[in-house]
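>>> how would this look folded up:
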Amino acid sequence: MKRSEINRIMEEADGFIRSFGHVLPPFAYWSPDQMRARQDQARGIIDGRLGWDITDYGGGDFAALGLFLFTTRNGRLQDLRQGGGMCYAEKIMISRRDQISPMHTHVIKVEDIINRGGARLAVQLYGSDPQGGFDETAGGQVWRDGRDYRFAPGEVLLLDPGESVTLRPGDWHKFWGEGGDVLIGEVSTVNDDLTDNIFHPPLGRFAQIQEDCDPRHLLVSDYPVWLNAG
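Next comes the predicted model:
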């Protein structure tokens, strides 16, 4: 993706989010220079990989295969393993009309995917084989707003604004906006986008960026290079 495209998507996404009465936290609007200057006080933001995340999954066609995300809070895997402390994470996302977030599951993370407003959110589901791998013949069971729901292989759930689905490791899923753009909330256990996403078929989690202009704001994937942060 070109940096200019990412900058444009940030601006459009901010407007879309605000149209639902939701406002991103102040650090969302820091410039790269401000982020550099505030690294010491922003250690929790950087280490927790909070912030902007715009991906085309390496495919080069964001409109067809892509997702906008902003991580607003994220705990620590050590706390999750110990069973105490900050064991949760939260994101705000935008799935555009017919824009696919590809089939995947997670090794550790349990997540609620919530339609916060806009069009319907379509979520296609498959179960797993005995080893946890993708199985096109397998159905499964999820929670829909706290109620048990059994799904058939490949079934598409259509979530209206206010509705949600709880997905656990082994629940393979992809999603898109059905008939329009959707504002999505994600509430989950600790989020680790570096190691906890398994795609079918395999693909990259982050975009390859062409630096055709300066960044408006840094992406979480920029932190290692722009801030020398691991």
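>>> centre-most residue in this protein?
Compute the mean C-alpha point of the chain, and by CA atoms, centre = their mean the closest residue is L69, 4.8 Å away.
>>> hmm, that one is touching K91, no?
Yes - taking CB atoms under 8 Å as the contact criterion, L69 and K91 are neighbours in contact, 5.3 Å apart. Glycine gets a C-beta too; all of them are placed from N, C-alpha and C.
>>> shared neighbours of the two, anything?
Common neighbours of L69 and K91, using CB atoms under 8 Å, 6 or more residues apart in numbering, are E186.
>>> burial measure for Q78, as a count.
A count of nearby residues for Q78, using other CB atoms under 10 Å, gives 11.
>>> and the one 5 residues further on, by the same measure?
Residues contacting G83 under the criterion other CB under 10 Å number 7.
>>> next: the one 5 residues further on.
Residue neighbour count, defined by other CB under 10 Å, stands at 15 for Y88.
>>> wait, what's in contact with M35?
By CB under 8 Å, 6+ apart, the neighbours of M35 are F27, A42, H217, L218, W226, L227.
>>> and it, how close does it get to Y223?
Relative to Y223, M35 is positioned 9 Å away (CB to CB, to the nearest Å).
>>> same deal with L194?
Distance, L194 to Y223, using CB to CB: 11 Å.
>>> and if you look at L67?
For L67, the distance to Y223 (CB to CB) stands at 19 Å.
>>> among the contacts of M35, which one lies nearest to D112?
F27 (23.9 Å; CB to CB).
>>> what residues are up against D40?
By CB under 8 Å, 6+ apart, no residues touch D40.
>>> isn't there a strand covering it?
No - D40: not assigned to a strand; according to DSSP: H, G, I helix; E, B strand; the rest coil it is coil.
>>> what are the phi and psi angles of it?
phi -60, psi -50 (degrees, to the nearest 10).
>>> all helices for this protein, in order.
In the chain, the segments counted as helices under DSSP state H are 3-18, 32-37, 43-47, 77-82, 223-226.
>>> for the chain, which strand is longest?
strand 172-189 (DSSP state E).
>>> just to revisit the earlier point, contact partners for the closest residue to the residue nearest to the centre of the chain other than its chain neighbours?
The shortest distance from L69 to any non-neighbouring residue, by CB to CB, 6 or more residues apart in numbering, is to D53 (4.1 Å). Listed by CB under 8 Å, 6+ apart, the contact set of D53 reads F68, L69, F70, T71, D193, L219, V220, S221.
>>> distance check, D53 against R8.
Distance from D53 to R8, counting by CB to CB: 16 Å.
>>> distance between the ends of stretch 57-71?
Counting by CA to CA, to the nearest Å, you get 17 Å between the two ends of stretch 57-71.
>>> what comes into contact with that stretch?
Outside stretch 57-71, the residues touching it (CB under 8 Å, 6+ apart) are 1, 5, 9, 13, 17, 24, 28, 48-56, 89-96, 98-102, 186, 191, 199, 203-208, 220.
>>> my guess is K2 contacts D212. True?
Yes - proximity of K2 to D212 meets the contact threshold set by CB under 8 Å, at 4.9 Å.
>>> returning to that earlier point: just the buried residues out of the contacts of M35, in ChimeraX syntax.
This is the ChimeraX syntax for the buried subset of the contacts of M35, where burial follows 16 or more other CB atoms under 10 Å:
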select :27,42,217,218
